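Chemist: next come a sequence and a model predicted from it.
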Amino acid sequence: MSETIKTDVLIIGAGPVGLFAVFELGLLDIKTHLVDILDKVGGQCAELYPEKPIYDIPGIPYITGHGLTDALMQQIKPFNPTFHLGEMVTTLEKIGEPLFRIGTDRGKVFEAKVVVIGAGGGSFQPKRPPIAGIEPYEGKSVHYAVRKMEAFRDKRLLIVGGGDSALDWTLNLQPIAQRLTLVHRRDDFRGAPDSVNKMRALVASGAMDLKIGQVAALEGGDGQLAAAHIKGNDDETARVEIDAMLPFFGLTMKLGPVADWGLSLEDELIPVDTGTFETSMPGLFAIGDINTYPGKKKLILSGFHEAALTAFAIQHHLYPAKKQFLQYTTTSPAMQKRLGVATA
Ligand SMILES: Cc1cc2nc3c(=O)[nH]c(=O)nc-3n(C[C@H](O)[C@H](O)[C@H](O)COP(=O)(O)OP(=O)(O)OC[C@H]3O[C@@H](n4cnc5c(N)ncnc54)[C@H](O)[C@@H]3O)c2cc1C
């Protein structure tokens, strides 16, 4: 287990709302750490609709999910938040007043005076492919994410799927694998055309195999795969010897560990006070899609408003004696200094 990371504020979820909370807290000179299950920031915008246009961000007539994520990252750059990506917050307990201990599935431990839950629709979890008997291999020789590429060096790999993740990992792992086979149910890929072309060139040169069909059965024992039986669309079955299988069937959102943190939930959402966005537990705040209150709308702009108000509430929680007053970024020398744009 690694050393405890101490911080004033830990944000769970680096979706658009968690990212904007970094900005609002940064304006008030409060530093943040963020944890996200995904290996990238941007939450639903980055994972579910990176290329789709969003038309209802105030003052921005049109921006894609990816574009909004990039813009938010640029906006929070002056505040230099620390990101812990590819880890799920699994435990959260109150250990003092004000102090929380937070643990991740990768063994990281944080102590934070304030926690902001910006967990959106919950945790993104990989969709399990419909292959009978896959469970005993999961986490041993069936992997839904690549955490360390080296773990796959010189292995016979089977990648399953036809989207960007399947294609990206095909291109990244092919050079280090002993042999790589990509399986997709049809000869038509949803991934970026450039990746599809690169994959097809590798197949044409004999550097990897492409099979059109579905994994019908697995062979192996004690969690270690030995072979996969791939049923082609012509009903012929091919046996491919493998050491590991990586299915990329997309992600679904499940509430996940948030349900275990001692909060009374309403329809899997966290009720909050609309003046502060504090939950029933002092020092624990919830913003964005994960919270609920009368009239709540799951919109990015609602989450941005919540992030602004919660930042003031957090400042008061951390420094109750500090007098609060509203400052404008246009005119506040202190804020401009924090933003790195001060002229004087
Ligand atoms: C197809 C589609 C189109 C949309 N179009 C619009 C639109 O046009 N306008 C609009 O306003 N809204 C739109 N939305 C809704 C908008 O995307 C959400 O309101 C917004 O993403 C909510 O942001 P968030 O930061 O609260 O949560 P999310 O974006 O869901 O981010 C939450 C993050 O928390 C992480 N997380 C969850 N649990 C944990 C945990 N235990 N540990 C670590 N990390 C965790 C997740 O991995 C995720 O990255 C759309 C949504 C979809 C699906």
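Modeler: Alright, I've got the coordinates.
Chemist: quick one, helices of the stretch 101-250 of the chain?
Modeler: Per DSSP state H, counting those that start in this stretch, the stretch 101-250 of the chain carries helices over the ranges 164-173, 193-204.
Chemist: may I see those arranged in JSON lines, with distance to E266 as well?
Modeler: The C-beta positions use only the backbone N, C-alpha and C, and glycine is treated the same way. Converted to JSON lines, these look like this (distance: least, C-beta to C-beta, whole Å):
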{"stretch": "helix 164-173", "distance to E266": "34"}
{"stretch": "helix 193-204", "distance to E266": "42"}
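Chemist: ok, which of the ones you listed comes nearest the ligand?
Modeler: Closest to the ligand of those, according to C-beta to the nearest ligand atom: helix 164-173, at 14.8 Å.
Chemist: thinking again about what came up before, which of the helices of the stretch 101-250 of the chain has the lowest mean pLDDT?
Modeler: In terms of mean pLDDT, the lowest-scoring of those is helix 164-173 (a mean of 94).
Chemist: alpha carbons of that helix, as PDB, please.
Modeler: Output in PDB follows, covering the C-alpha atoms of helix 164-173 (Å, rounded to 0.1, in the frame of the first residue of the first chain):
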ATOM      1  CA  ASP A 164     -11.700   2.600 -31.100                       C
ATOM      2  CA  SER A 165     -10.500   0.800 -27.900                       C
ATOM      3  CA  ALA A 166     -10.200  -2.600 -29.700                       C
ATOM      4  CA  LEU A 167      -8.400  -1.000 -32.700                       C
ATOM      5  CA  ASP A 168      -6.100   1.300 -30.600                       C
ATOM      6  CA  TRP A 169      -5.000  -1.700 -28.400                       C
ATOM      7  CA  THR A 170      -4.600  -3.800 -31.500                       C
ATOM      8  CA  LEU A 171      -2.200  -1.300 -33.000                       C
ATOM      9  CA  ASN A 172      -0.400  -0.700 -29.600                       C
ATOM     10  CA  LEU A 173       0.000  -4.300 -28.600                       C
END
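Chemist: and whichever strand or helix holds A307, which residues are buried?
Modeler: Applying DSSP states H and E as the criterion places A307 in helix 300-318. Buried residues in helix 300-318, counted by 16 or more other C-beta atoms under 10 Å: 300, 302-315, 317-318.
Chemist: again with stretch 226-237
Modeler: A227, A228, H229, I230, K231.
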